[in-house]
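Undergrad: What follows is a protein structure lacking sequence information:
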């Protein structure tokens, strides 16, 4: 039985002010601008940010014994620290559909009109990818949404052997990905994001979308088009909470029933990179 994260009972005061209070709207508009996150990112890339590291470890109770030893030149170098490889093994069974990252997972069916619903909002694959042609590929499939919190491991990997296309960047704003924001805005189609289409060895066409969030300096994908192996590092998020969305085609993947039930009950499931989430259909 996997650990679950039930819906938050009460959002943080700061988020309630930004998303529910009319006086918070002007501040929210400013904070979601890309240039604000870029400025913050430059500070977090500088040596001046090193002083934040010890307090961050303490406040978030991070076990540094899990990570490779390194001297961090700035906060972002610490935030993108590498976990020891033996702690994130990828399931090597070809039929196992693996998580590309650590995070809090919900799994939604994509209907025949390429729609899926999250927190009362209906999204379409076409608006997510800004491509009607691609949207058709995923009708009747599944949408896996991984929410990465600030204390999660922020590097992500290829979920299967694949032939990968070029990365496609879509401009947007940078709302937080906390549940409070998801209940008030169509975050996944408003925020900056970058997607990749992968022809996988075992699961057909898979689209992976990295979604930026408030105070995330950058989405950093390591490669352009090419051929890659399951478990090979695909990229990383710099500071902040973020989201990865994985879309699979109809009749290609059978998600674990536990994940579907948890989602139906409104709960997120805590998963780790490399963990089996389902099997080849």
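TA: The structure has been received and is ready for your questions. The structure displayed is predicted, hence computed values, not measured ones. Residues are numbered from 1 along each chain as shown.

Undergrad: Please, which helix or strand holds residue 97?
TA: Using DSSP states H and E, the element containing residue 97 is strand 96-98.

Undergrad: Report all helices and strands that the helix or strand following that strand contacts.
TA: Downstream of strand 96-98, the next assigned helix or strand under DSSP H and E is strand 103-109. Helices and strands touching strand 103-109, by 3 or more Cβ pairs under 8 Å, 6 or more residues apart in numbering; DSSP states H and E, are strand 115-118, strand 142-148, helix 257-264, strand 268-271. In this view, the C-beta of every residue, glycine as well, is placed from N, C-alpha and C.

Undergrad: and among those, the most buried is which?
TA: strand 142-148 (a mean of 25; mean count of other Cβ atoms under 10 Å).

Undergrad: what sits up against whichever helix or strand comes after that strand?
TA: Sequence-wise, the next helix or strand downstream of strand 142-148 (DSSP H and E) is strand 155-157. With contact meaning Cβ atoms under 8 Å, 6 or more residues apart in numbering, strand 155-157 is reached by 80, 82-83, 90, 100-101, 210, 230-237, 244, 273-274.

Undergrad: Give the rounded mean pLDDT of the strand holding residue 97.
TA: Here strand 96-98 scores 98 as its mean pLDDT.

Undergrad: and what of stretch 102-110?
TA: 95.

Undergrad: Could you tell me how far it lies from the centre of the chain?
TA: 10 Å (Cα atoms, centre = their mean, to the nearest Å).

Undergrad: for it, which positions count as buried?
TA: Of the residues in stretch 102-110, 102-108, 110 count as buried by neighbour count, 16 or more other Cβ atoms under 10 Å.

Undergrad: same deal with stretch 235-253?
TA: Buried-residue list, stretch 235-253, by 16+ other Cβ under 10 Å: 235-250, 252-253.

Undergrad: Of those residues, which belong to strands?
TA: Among those, the ones falling in strands (DSSP state E) are 235-237, 242-248, 253.

Undergrad: now these in a markdown table, with distance to residue 41 and pLDDT?
TA: Formatted as a markdown table, those follow (distance: Cβ to Cβ, whole Å; pLDDT from 0 to 100):
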| residue | distance to residue 41 | pLDDT |
| --- | --- | --- |
| 235 | 16 | 96 |
| 236 | 13 | 94 |
| 237 | 11 | 91 |
| 242 | 13 | 85 |
| 243 | 18 | 89 |
| 244 | 19 | 94 |
| 245 | 22 | 94 |
| 246 | 25 | 97 |
| 247 | 28 | 97 |
| 248 | 32 | 98 |
| 253 | 35 | 98 |
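
Undergrad: Can you get me a residue count around residue 137?
TA: Neighbour count for residue 137, taken as other Cβ atoms under 10 Å: 20.

Undergrad: Could you check the pLDDT of it?
TA: 94.

Undergrad: List the contacts of it.
TA: 205, 207, 249.

Undergrad: where are the low-confidence patches of the stretch 151-281 of the chain?
TA: Applying pLDDT under 70 to the stretch 151-281 of the chain flags residues 174-185, 214-217, 240-241.
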